[in-house]
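Have a look; sequence and predicted model below, questions after that.
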Amino acid sequence: MDAIPLGPVVEASFYRRPAAELAPALLGLELVHETPEGLASGIIVETEAYQGPEDRGAHSFGGRRTARTEVMFGPAGHAYVFSIYGMHHCFNVVAAEPGKPQAVLVRALEPRRGLALMARRRCAGGDRLARPGVLTGGPGRLCQALGITRGQYGLPLFDPASPLRIHYPRPPFTVAAVARGPRINIDYAGEWKDVPWRFWVAGNPHVSRP
DNA sequence: GCCTTGATGACG
DNA sequence: GTCATCAAGGCA
């Protein structure tokens, strides 16, 4: 698998749509991170849309514009990375037009390239890493496996020269059916917590929560 | 207080 | 084996 060349990079215009439309569209694409340690990648199998400023679940709720949320106000297709609970990171893709602070959280990958490198970075997983879903199932886990930290904040995912990119998968990945449901861990979001803006590849064993 | 995870201990 | 609970820990 690692010997097969990457597919084309997904173009910038692909991301220029509302987060709730971009989130299901990202399923089946290949997220790639190249570092001095090597290349690692996985197929996106679970996403969540965050449609600030009206969405109480979003960091940009109410139009909150800080150093952390700044990239969400810019053009689509850039990386929004934030740290959470002091020890994990979450990777998001900026959506919509500039001025509209929307993003899509990537919650799970199906590992594709650089499996050994990812397992090394995810040493905390121990023996369980062999089980489906443990290596890259979960927003914090996939960031650890790919080596994504705030150092990748703002990178253009559509630029072939960027170390962090999204490609059309090669060989192709078929998304037979998309399932949807409420987003995870936003109990504080009031009426917004039940909006079915979580999308995943139906039946895929790598999603963070079936 | 958070868009999380891994350890631990209860239970079958 | 599953499921509920909880601490860890940095940044806003």
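Done, it's in. Numbers count the residues shown, from 1 in each chain, chains lettered A, B, ... in the order given.

Excluding covalently adjacent residues, which one is nearest to the residue of chain A found nearest DNA strand B?
Relative to DNA strand B, the nearest point of chain A is A:Gly138 (2.3 Å; C-beta to the nearest atom of the strand). Where C-beta positions appear, they are placed from N, C-alpha and C, glycine not excepted. Nearest residue to A:Gly138 in three dimensions, chain neighbours excluded: A:Ser208, at 4.4 Å (C-beta to C-beta, 6 or more residues apart in numbering).

Correct me if wrong: the one you found contacts A:Gly140.
No: look at A:Ser208 against A:Gly140 with C-beta atoms under 8 Å: they stay out of range, at 9.5 Å.

Local confidence estimate at A:Glu37?
Per-residue pLDDT puts A:Glu37 at 95.

And it, how far from DNA strand C?
Plainly put, A:Glu37 is 22 Å away from DNA strand C if you go by C-beta to the nearest atom of the strand, to the nearest Å.

burial measure for A:Glu30, as a count.
The local packing of A:Glu30 (other C-beta atoms under 10 Å) involves 23 other residues.

sec struct for the residue sitting furthest away from the middle of chain A, please.
Distance to the chain centre peaks in chain A at A:Asp127, reaching 25.0 Å (criterion: C-alpha atoms, centre = their mean). Here A:Asp127 is recorded as helix under DSSP: H, G, I helix; E, B strand; the rest coil.

ditto for A:Lys100
Following three-state DSSP, A:Lys100 is assigned to coil.

and it, how many neighbours?
A:Lys100 has 17 nearby residues by other C-beta under 10 Å.

who touches stretch A:152-168?
By C-beta atoms under 8 Å, 6 or more residues apart in numbering, the list of residues contacting stretch A:152-168 from outside reads A:6-12, A:14-15, A:26, A:29-35, A:41, A:44, A:71, A:77-81, A:91, A:93, A:148.

quick revisit: could you check how far the residue farthest from the centre of chain A is from A:Pro111?
Counting by C-beta to C-beta, to the nearest Å, the separation of A:Asp127 from A:Pro111 is 16 Å.
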